[in-house]
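Asker: Got a predicted structure plus its sequence, pasted below:
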Amino acid sequence: MNPLPDMPSRFVRVTSRDADWVQFEFSIGDPDLCVELTMRPAQYEAFRRRQCALVLPDLPATQLEHERRHWHESVPGACPHD
């Protein structure tokens with residue numbers, strides 16, 4: 001039984017991980033629109049399970065940076081001082 005039956009799909013993609021922290025992107029409905037979060041490993045696992053999130057494959061840091069820069073440059077007026 002899915003605890004979130006009428007909710008759109010949820011996704012997580014780990015962007016960095018070490019013994020103390022997991023940095024990841026979380027999205028609802030569209031994996032390309034996400035928020036970046038940082039949690040302790042146990043908190044991340046609990047969050048991922050509670051959200052019933054699908055785990056997306058890790059991307060190399062260079063590909064992540066390219067995708068973020070492409071999105072950033074495609075938004076008119078977004079942070080003109082970057």
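Answerer: That came through, no problem. Just so we're clear, the structure is a prediction, and the values are computed from it rather than from any experiment. Numbering: from 1, shown residues only.
Asker: how about the strands of this structure, start to end?
Answerer: 10-17, 22-28, 35-39, 54-55 (DSSP state E).
Asker: tell me the most buried of these?
Answerer: Of the strands of the chain, the one with the most neighbours on average (mean count of other C-beta atoms under 10 Å) is strand 22-28, at a mean of 19. Glycine gets a C-beta too; all of them are placed from N, C-alpha and C.
Asker: That strand pairs with which strands, and in what direction?
Answerer: Strand 22-28 has these partner strands in its sheet, going by DSSP bridges: strand 10-17 (antiparallel), strand 35-39 (antiparallel).
Asker: which other residues reach that strand?
Answerer: 7-17, 31, 33-41, 44, 47, 51, 53 (C-beta atoms under 8 Å, 6 or more residues apart in numbering).
Asker: contacting residues around residue 57?
Answerer: residue 13.
Asker: again, but for residue 48
Answerer: When contacts are taken as C-beta under 8 Å, 6+ apart, residue 48 is in contact with 12, 55.
Asker: what separates it from residue 22, distance-wise?
Answerer: For residue 48, the distance to residue 22 equals 9 Å [C-beta to C-beta, to the nearest Å].
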